[in-house]
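**Q** mind folding the following:
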Amino acid sequence: MVSKHYDNFVRNLKHAKKIVRAVNIHECTTDLQHLKLQSYILLTHAIFEEYVEDLCSHVALEARTVFAREGRITKALVALIAAQVLEARAGGKGSRKIGSELVRNLDEFSKQAYNSFIDVIKNNNGIKPDNLRTLFLPIGVDPFEVDTALVNAMDAFGTKRGGIAHKFAIRRENTLGDIQNDVDNIGRDIESLDKAAYGTLSVALSNIDA
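**A** Residues are numbered from 1 along each chain as shown. From the prediction side, this is the model:
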């Protein structure tokens with residue numbers, strides 16, 4: 001079973017496809033068709049990016065909610081806290097102080113970890129491998145372990161989007177057929193990230209006094 005985020009993702013892709021309804025599948029025969037295809041690439045890239053950000057933020061929130069409500073520590077929460085510890089140490093915060101904060105109030109520390117992660121998500125800008133790892137590792141998922149081919153496909157699509165977003169040019173290098181194939185493949189395979197992310201909400205430890 002997929003999440004509501006994935007269902008919304010699929011619906012958004014269908015809506016975006018309307019912009020290329022009149023574009024030739026094999027070649028852009030006019031400048032207008034080319035511009036529509038470029039817009040389609042930008043829109044679908046935005047949909048991919050929005051999906052992975054929303055997915056990761058929701059899983060992180062669920063991990064916090066489960067702990068606060070039931071005192072259960074999930075794999076996602078462990079990863080979230082670990083990411084916060086590493087960030088604090090990188091910022092020069094002493095290991096002993098970090099440890100005392102964890103022991104004294106795990107709930108408050110996990111809240112800080114969640115808030116820090118939300119800031120990371122807000123600053124995200126892309127679907128390249130580094131972006132995906134930055135988003136998914138703090139909830140306990142390594143995208144490369146889930147599907148390396150998917151990560152590479154998103155990397156390539158991000159490169160195509162970058163070529164459009166950073167300069168204006170009428171070059172008919174891409175075809176709707178090629179782009180649609182990329183979108184369909186990523187749209188299908190990204191479901192594996194959905195399942196892996198929600199899988200981290202399984203209980204790692206239980207009966208912890210929050």
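**Q** in the helix or strand harbouring residue 159, what's buried?
**A** Using DSSP states H and E, residue 159 falls within helix 148-165. Residues 150, 151, 153, 154, 155, 157, 158, 160, 161, 164 are the ones in helix 148-165 that count as buried (16 or more other C-beta atoms under 10 Å). Bear in mind the C-beta positions are built from the backbone N, C-alpha and C, glycine included.
**Q** quick one: residues in contact with it.
**A** 38, 41-42, 44-45, 48, 126-129, 131-132, 143-144, 174, 179, 182-183, 185-186, 189-190, 192-193 (C-beta atoms under 8 Å, 6 or more residues apart in numbering).
**Q** still on that earlier bit, and which of the buried residues of helix 148-165 is nearest residue 106?
**A** residue 151 (32.5 Å; C-beta to C-beta).
**Q** Three-state assignment for the nearest residue to residue 49 once chain neighbours are set aside, please.
**A** Of all residues not flanking residue 49 in the chain, residue 127 sits nearest, at 5.4 Å (C-beta to C-beta, 6 or more residues apart in numbering). Secondary structure state of residue 127, per DSSP: H, G, I helix; E, B strand; the rest coil, is coil.
**Q** skipping adjacent residues, who's closest to residue 17 in space?
**A** residue 40 (7.4 Å).
**Q** pLDDT (mean, whole number) over the helix or strand hosting the one you found?
**A** In the assignment (DSSP H and E), residue 40 maps to helix 31-70. Helix 31-70 carries an average pLDDT of 94.
**Q** name every strand pairing with the following helix or strand past it and say which way it goes.
**A** Where DSSP H and E defines the elements, the next helix or strand beyond helix 31-70 is strand 73-74. Using DSSP bridges, the strands paired with strand 73-74 are strand 203-205 (antiparallel).
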